[in-house]
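S.K.: All I have is the shape, not the residue letters:
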C-alpha cells in the first residue's frame with residue numbers, strides 16, 4: 001500500500017511568502033486476502049513493487065502458535081528494493097479454518113498455491129520453526145519456486161527426533177511449557193488431547209511463548225503474539241505437532257540445489273545447536289549461523305541484526321559470480337610484508 005503525504009514548506013522573504021509542496025510517499029503494510037483453489041489466505045505485504053523490477057521477493061512462513069505477526073518487526077525494517085509477503089497458514093491468524101489439512105505436505109501446497117495466485121516466481125523463502133519445515137518441503141517438491149532458503153530454528157529433517165518417541169516428546173513439551181516432566185502425559189495421544197485445549201488456556205500459551213522468545217522485550221508485541229496464539233484453531237495446534245512427528249525428509253536433503261542459511265540460538269529451549277550442526281551438514285549448499293544471545297525466534301529477538309544477515313545472504317545467493325568476485329577483491333587487504341630480522345655475525 002502506498003501512502004502519499006503532502007507537506008507545505010512556507011518561506012518568507014522581502015517579496016512576501018511562497019509555499020512549496022513536498023510529497024512524501026511511504027510504503028506500508030496492507031491487509032489483503034487471496035483465494036486459492038482450496039483456501040482463502042490472509043497475508044501481509046511490505047516493500048515496493050519488486051516483482052516488476054527483478055528485486056528480491058521474500059515469502060515469510062511463521063511457526064506453530066504463530067501468524068504473520070511474528071514477522072512484523074522485519075516488515076517494518078525491510079530494506080529498499082525488497083518486497084515481502086507474510087501469509088497466515090491455514091487455521092492461523094485470519095486465514096480460513098477448514099479444520100483439516102494440517103500436515104507439512106498440505107501446508108507446503110497451500111504456500112505454493114498462494115505464490116501461484118500472486119504470480120510470484122523464484123522467491124527467497126524464509127521459514128521459522130514449523131515454517132522452516134514447510135519451506136524445506138517446498139524447496140524439495142516445488143524447486144522452481146525457490147531461489148534461496150533461510151531456516152530459523154528449523155525442526156530436524158528426520159521428523160523431529162524430539163517428537164518421535166513418546167518419552168522424548170514428553171520431555172520436549174516439558175521444556176516448552178515448563179511443566180514437571182513426571183506429571184506430563186507420556187503417550188502421544190494423551191498429550192495431543194491436552195494440547196487440544198490450549199486455545200482457551202492463555203496462561204499456558206503465554207508461558208510457552210515466553211520460552212520461545214526469551215530476549216524479546218517488546219511487551220505490546222508479545223501480548224499480540226499471545227492473542228494470536230489463543231485464537232488459533234485447536235486442530236491446527238495439535239495437527240502441526242502431529243505433522244512434525246510424521247514428517248521425514250532426511251533422505252532427500254542431498255537433492256537441495258539452492259543456497260541455504262540456517263540460523264539458531266544458543267538459548268533455544270527446543271532446538272539444540274548440536275541438532276542444527278548435524279542438520280546443516282546434510283545439505284550441500286548450507287551455512288550455519290549460531291547466535292549466543294537469542295532463543296528460538298531470532299527474527300523477533302534481534303530483528304535489525306537478522307535483516308542485515310538475511311540481506312547479505314540474499315545478495316550472495318542472487319548476485320552474478322563476477323559481482324561476488326568484485327566485492328571480494330575490493331574487500332581484500334594485503335598484509336604488509338614482515339621485514340627479515342637482521343643478524344650480525346661475530
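M.R.: Received the coordinates, thanks. It should be emphasised that the depicted structure is a prediction, and the values quoted were computed from it without experimental measurement.

S.K.: can you pull out the strands in the chain?
M.R.: Remark: strands assigned in the chain by DSSP state E are 2-13, 16-27, 33-35, 40-47, 57-61, 83-87, 123-128, 146-152, 260-265, 286-291.

S.K.: avg pLDDT for stretch 60-72?
M.R.: The average pLDDT within stretch 60-72 is 96.

S.K.: so where is this structure shaky, pLDDT-wise?
M.R.: 1-31, 49-53, 159-201, 321-346 (pLDDT under 70).

S.K.: just the helices in it please.
M.R.: 72-75, 104-117, 130-141, 161-164, 166-177, 188-195, 202-212, 219-231, 234-246, 273-281, 298-301, 303-318, 321-331 (DSSP state H).

S.K.: Contacts for the longest one, please.
M.R.: Taking C-beta atoms under 8 Å, 6 or more residues apart in numbering as the criterion, the residues outside helix 303-318 that touch it are 56, 58, 73-74, 77-79, 82, 124, 126, 147-148, 150, 258-259, 261, 263, 287, 289, 291, 298-299, 324. Every C-beta, even on glycine, is put in place using the N, C-alpha and C of the backbone.

S.K.: From the residues you listed, list the buried ones, please.
M.R.: If you count burial by 16 or more other C-beta atoms under 10 Å, the buried members of those come out as 56, 58, 73-74, 78, 82, 124, 126, 147-148, 150, 258-259, 261, 263, 289, 291, 298-299.

S.K.: Now stretch 94-109: buried residues?
M.R.: Quick answer for stretch 94-109 (16+ other C-beta under 10 Å): 94, 95, 96, 97, 101, 102, 103, 104, 106, 107, 108, 109.

S.K.: Residue 64 and residue 129 touch, don't they?
M.R.: Yes: using C-beta atoms under 8 Å, residue 64 makes contact with residue 129 at a distance of 6.4 Å.

S.K.: Which one of those two is surrounded by more residues?
M.R.: Using other C-beta atoms under 10 Å, the more surrounded residue of residue 64 and residue 129 is residue 129, with 27 against 24.

S.K.: ok, the closest residue in space to the more buried one that isn't next to it in sequence - how many residues close by?
M.R.: Nearest non-adjacent residue to residue 129, counting by C-beta to C-beta, 6 or more residues apart in numbering: residue 63, 3.0 Å away. Residue 63: 25 surrounding residues under other C-beta under 10 Å.

S.K.: now swap in residue 257 and tell me
M.R.: Residue 257, neighbours per other C-beta under 10 Å, totals 11.

S.K.: next one: phi and psi at it?
M.R.: When read as degrees, to the nearest 10, the backbone of residue 257 gives phi -130, psi 30.

S.K.: Contacts only, for it.
M.R.: Residue 257 neighbours (C-beta under 8 Å, 6+ apart): 143, 284, 285.

S.K.: Can you tell me how far the first one is from residue 74?
M.R.: Relative to residue 74, residue 143 is positioned 25 Å away (criterion: C-beta to C-beta, to the nearest Å).

S.K.: Verify the stated contact: residue 280 with residue 274.
M.R.: No: with contact defined as C-beta under 8 Å, residue 280 does not reach residue 274; the gap is 11.0 Å.

S.K.: These two: which has the busier surroundings?
M.R.: residue 280 (19 against 9).

S.K.: Tell me who's in contact with the more buried one.
M.R.: 260, 262, 286, 287, 288.

S.K.: how far away is it from residue 111?
M.R.: Distance of residue 280 to residue 111, computed by C-beta to C-beta: 23 Å.

S.K.: How about residue 221?
M.R.: Distance from residue 221 to residue 111, by C-beta to C-beta: 24 Å.

S.K.: Just want to know which of these two has more residues nearby.
M.R.: Between residue 221 and residue 111, residue 111 has the larger neighbour count (other C-beta under 10 Å), namely 26 against 16.

S.K.: Identify the residue spatially nearest to the more buried one, adjacent ones excluded.
M.R.: What sits nearest to residue 111 in space, not counting adjacent residues and going by C-beta to C-beta, 6+ apart, is residue 138, at 5.9 Å.

S.K.: residues near that neighbour, how many?
M.R.: Residue 138 sits with 26 neighbouring residues when counted by other C-beta under 10 Å.

S.K.: Also residue 76?
M.R.: Using other C-beta under 10 Å, residue 76 has 12 other residues around it.

S.K.: Done for today, thanks.
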